[in-house]
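Q: Give me a model of this one.
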Amino acid sequence: MALSPEETRRYARHLVLRGIGGEGQQKLKTARVLVVGAGGLGSPVIAYLAAAGVGTLGVVDHDLVSLSNLQRQIVHTTDTAGVPKAESAGTFVAALNPHVDFIPHNERLTEMNAGALAASYDLVVDGTDNFLTRLTVADAAEAAGKPLVSGAVSMFDGQVTVFAPGGPGFHDLYPVAPDEADLPACEAVGVLGAVTGVIGTLMAMEAIKLITGLGEPLIGRLLLYDGRAARFTELAFGAA
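A: Numbering: from 1, shown residues only. Below you'll find the predicted structure:
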């Protein structure tokens, strides 16, 4: 699938970039990526994957845009308050890059639909904000044999990792599910908006690496970010 003259101009900085080039851009153009959640983490993921030229971008989110989202959820605007997030994200993508085929899934991700959704895409990126949903996404991606980029944030901190077929999985990182009562929600403890940008952009980077074959993805490695100290820490998990 050849790039059009307009796409060649749009992706010029990729096309001259060693490690991406024309071959990598073609891989991005033919890729199908599912983003679960169009919130604080999903927003930068959606923005950068759309800008990078991912050919098909699906977004799952059942929620509506609210004013309290706008401090961190950058694909939404004041004018889209009350609009379904998947629809609002689609408006953003269409304005940014008309070459992206955007598929809104305006529904809650559950154990019933997660498997079919994951199986319809090449790669899954999870930006949801509660452990049980993250577990559901991880199990669905693993069952479908699809790589998963997973991130999380709280207050001033965040983390990102990659689960790939044949590599350490979600249950290696979390052998015992934590009690939901021990995981305070964003509504209760807050989150600095820029932290979601840091982690979400790292998630987009990992997705691009997986699609293009560039570099070394965070497989079996958990990257932790301490926003207050401006410090990254890496932890290994799973089989040695």
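Q: For the rest of this, base every contact and every neighbour count on C-alpha atoms.
A: OK.
Q: For the closest residue to V191 other than its chain neighbours, list the residues it contacts.
A: Distances taken as C-alpha to C-alpha, 6 or more residues apart in numbering place M155 nearest to V191, at 3.8 Å, with adjacent residues excluded. For M155, the contact set (C-alpha atoms under 8 Å, 6 or more residues apart in numbering) comprises C186, V189, G190, V191, L192.
Q: Return the backbone torsion pair for the residue lying closest to the first one once chain neighbours are set aside.
A: Across the structure, with C-alpha to C-alpha, 6+ apart as the measure, the residue nearest C186 apart from its sequence neighbours is S154 (6.7 Å). When quoted as degrees, to the nearest 10, the phi and psi of S154 stand at phi -160, psi 130.
Q: Show me the contact partners of stretch 224-232.
A: F156, D157, G158, Q159, V160, V195, I199, L223, T233, E234, L235.
Q: Out of those, grab the one that's most surrounded.
A: I199 (28 neighbours; other C-alpha atoms under 10 Å).
Q: pretty sure that residue is in contact with G151, am I right?
A: Yes - between I199 and G151 there is a contact under C-alpha atoms under 8 Å: 6.8 Å.
Q: tell me, what's touching those two both at once?
A: L41, G158, Q159, V160.
Q: can you list those residues in CSV and add secondary structure?
A: Formatted as CSV, the shared contacts of I199 and G151 follow (DSSP: H, G, I helix; E, B strand; the rest coil):
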residue, secondary structure
L41, coil
G158, strand
Q159, strand
V160, strand
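Q: Turn those into JSON lines, including distance to G58 and pLDDT.
A: Below are the shared contacts of I199 and G151 laid out as JSON lines (distance: C-alpha to C-alpha, whole Å; pLDDT from 0 to 100):
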{"residue": "L41", "distance to G58": "15", "pLDDT": "97"}
{"residue": "G158", "distance to G58": "24", "pLDDT": "96"}
{"residue": "Q159", "distance to G58": "23", "pLDDT": "97"}
{"residue": "V160", "distance to G58": "20", "pLDDT": "98"}
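Q: just curious, which of these is nearest to L17?
A: V160 (24.9 Å; C-alpha to C-alpha).
Q: And stretch 79-90, what's buried?
A: T80, A81, P84, K85, A86, E87, S88, A89, G90 (16 or more other C-alpha atoms under 10 Å).
Q: That one - what's its average pLDDT?
A: On average, the pLDDT along stretch 79-90 is 97.
Q: where in this structure is pLDDT low?
A: 179-185, 239-240 (pLDDT under 70).
Q: how about the helices in it?
A: In the chain, the helices defined using DSSP state H lie at 5-10, 12-15, 21-30, 42-52, 85-96, 114-119, 131-144, 170-173, 186-189, 193-212.
Q: Among those, single out whichever gets nearest to A164.
A: helix 131-144 (7.9 Å).
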